[in-house]
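> I need the structure of the sequence given here:
(chains A and B)
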Amino acid sequence: MSALAFDALNVFLLACLVVTGLAIARLRGLFAVAMLSGIYSLLSASVFVLLDAVDVAFTEAAVGAGMTTVLFLATFGLTRSREHAAPHQKRVPALLVAVACGGVLLVALSDMPPFGAADTPVQTDPITERYVETTHEEVGIPNMVTTLLASYRGFDTLGEVVVVFTAGIAVLMLLGRCSRERAEDES
Amino acid sequence: MILAHYNYWVVVLLMMIGLYTVMAHGNLVKKLLGLSMFQTSVFLMFISLGKIEGGTAPILAGEGAVYSNPLPHVLILTAIVVGVATTAVGLALVVRIHEAYHTIEEHEAVKQEQRESGQA
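You can find the predicted model right below:
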C-alpha cells in the first residue's frame, strides 16, 4: 500500500470513529446506541488492521462488535431501552472536566514521537528486539503475537483468564440472586 | 506536519467523548458505553505506538521484513477481553439496580433511596 493511500485511509477511518463516538454520546434511544457501538467496534477493528495489529482486529471484531452488542441487547431485554433526560446541572462541570483532561493531554502530545517513526523508545527497546529476533528459533510459530501471548507473557494470559473467571462468577451471583427473588415473589 | 500526531489527537478526542459520557449522562447503560469508548481510545493509542511506517503485521515473512511491534498487540489483546468482562459485570449490576428500583437512571434511583431513608 502506498504511503498516500495509507494516510488517506487512516484519516478517514479515524474521522468516522470520532463521528460515531459523538453520535453515541448524543442519541437517547439506547437500542440505536447499542447498534452504533457495534459499528464503532468494527471501525476500530478496521483501524487495527490498517495499523498491522491483525490479531487485535479480529478479537475486537468478535468480542467488541459481537459479544458486547449482544450483552447490551440482553440488558435492554431485562430492563428498558430509552434514556431519560438527565438533570442539566451535571453537564457543564462534566464538559469542563473532560475538556481540561483533554487539554492537558493535547499539550503533552507535543512531546510524543511522530507516528510511524522507527526510532521511538517503543521500537528500539532491547526487549522488542529480543522478542522479534528470537521467536522463530525459540518457539517456531510464525505468528509473533501468538508466541508472545502464550509463551513469553503466559502469566499475563493466566491473569486474564483469572479476571474473566472472576467476572463470570460475579455475573452469575448478581443475576442468579435476582432470578431467585423473582421465583420467590411468584410462589 | 499534522499527520505526525493525528492518531494521538483522535485518541484524546475519543477519550474526552467517553469521559464526558460517563460523567454527564445519568443513564447507567450509557455510562458503560462511555467507559468502553474510553477503553477503545487507549487501545488505539497503544496500537498506534507500535506501528512502524512501511512495516507489516508481525507474522514471519522472510529475511529483511520490517515488523510492527508485537508487544503492544499482546497487551491490548488481554485488555480487550478484560474490558468485556468488566462490561458484563457492569451490565449485571444495571440489571440488579433495575430489579431493586425499577429504573436505570442514576438520579431517579438516588431520589428513591433518599425518600426511603427519610421515611425510616
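> which residue packs closest to A:Leu148, ignoring adjacent ones?
Distances taken as C-beta to C-beta, 6 or more residues apart in numbering or on different chains put B:Val74 closest to A:Leu148, at 4.5 Å, once the chain neighbours are dropped. From N, CA and C alone the C-beta is placed, and that goes for glycine too.
> quick one: the helices in chain B, in order.
In chain B, the helices defined using DSSP state H lie at B:6-24, B:28-50, B:70-101, B:106-119.
> nearest to A:His84 among those would be which one?
helix B:106-119 (7.4 Å; C-beta to C-beta).
> in three-state terms, label A:Asp111 for me.
coil (DSSP: H, G, I helix; E, B strand; the rest coil).
> so how many other residues sit close to residue 54?
All of this refers to chain A. For A:Val54, the neighbour count with other C-beta atoms under 10 Å in any protein chain shown is 19.
> actually, chain B is the one I wanted.
12.
> any idea how far chain A is from it?
8 Å (C-beta to the nearest C-beta, to the nearest Å).
> so that residue is in contact with B:Val66, correct?
Yes - using C-beta atoms under 8 Å, B:Gly54 makes contact with B:Val66 at a distance of 6.0 Å.
> so where is the chain shaky, pLDDT-wise?
All of this refers to chain A. Where chain A drops to pLDDT under 70, the residues are A:1, A:86-88, A:178-183, A:185-187.
> nope, chain B
Looking at chain B by pLDDT under 70, you get B:1-2, B:120.
> in chain A, which spans are strands?
Using DSSP state E, chain A contains no strands.
> longest helix anywhere in it?
Max-length helix for chain A by DSSP H is helix A:154-186.
> elements contacting that helix?
helix B:70-101 (3 or more C-beta pairs under 8 Å, 6 or more residues apart in numbering or on different chains; DSSP states H and E).
> related to what we said a few turns ago, specify the angle between the longest helix of chain A and helix B:70-101 in degrees.
10 degrees (axes from the mean of the first three to the mean of the last three C-alpha atoms, to 10 degrees).
> which parts of helix A:154-186 are buried?
Of all the residues in helix A:154-186, those buried under the rule 16 or more other C-beta atoms under 10 Å in any protein chain shown are A:157, A:160, A:167, A:170-171, A:174-175, A:178.
> and for stretch A:118-135?
Applying 16+ other C-beta under 10 Å to stretch A:118-135 flags A:120, A:122-123, A:128, A:131-132, A:135 as buried.
> which of those are close to chain B?
A:120, A:122-123, A:128, A:131-132, A:135 (C-beta under 8 Å from any C-beta of the partner chain).
> filter those residues down to the ones in helices?
In helices, defined here by DSSP H, the members of those are A:122-123, A:128, A:131-132, A:135.
> can you get me a residue count around residue 8?
Just so you know, I chose chain A. Neighbours of A:Ala8 (other C-beta under 10 Å): 11.
> wrong one, chain B
Neighbours of B:Tyr8 (other C-beta under 10 Å): 21.
> my read: A:Thr135 touches A:Ile141, true?
Yes - here A:Thr135 reaches A:Ile141: they are 7.4 Å apart, a contact under C-beta under 8 Å.
> show me the common contact partners of the two, please.
Common neighbours of A:Thr135 and A:Ile141, using C-beta atoms under 8 Å, 6 or more residues apart in numbering or on different chains, are A:Thr147.
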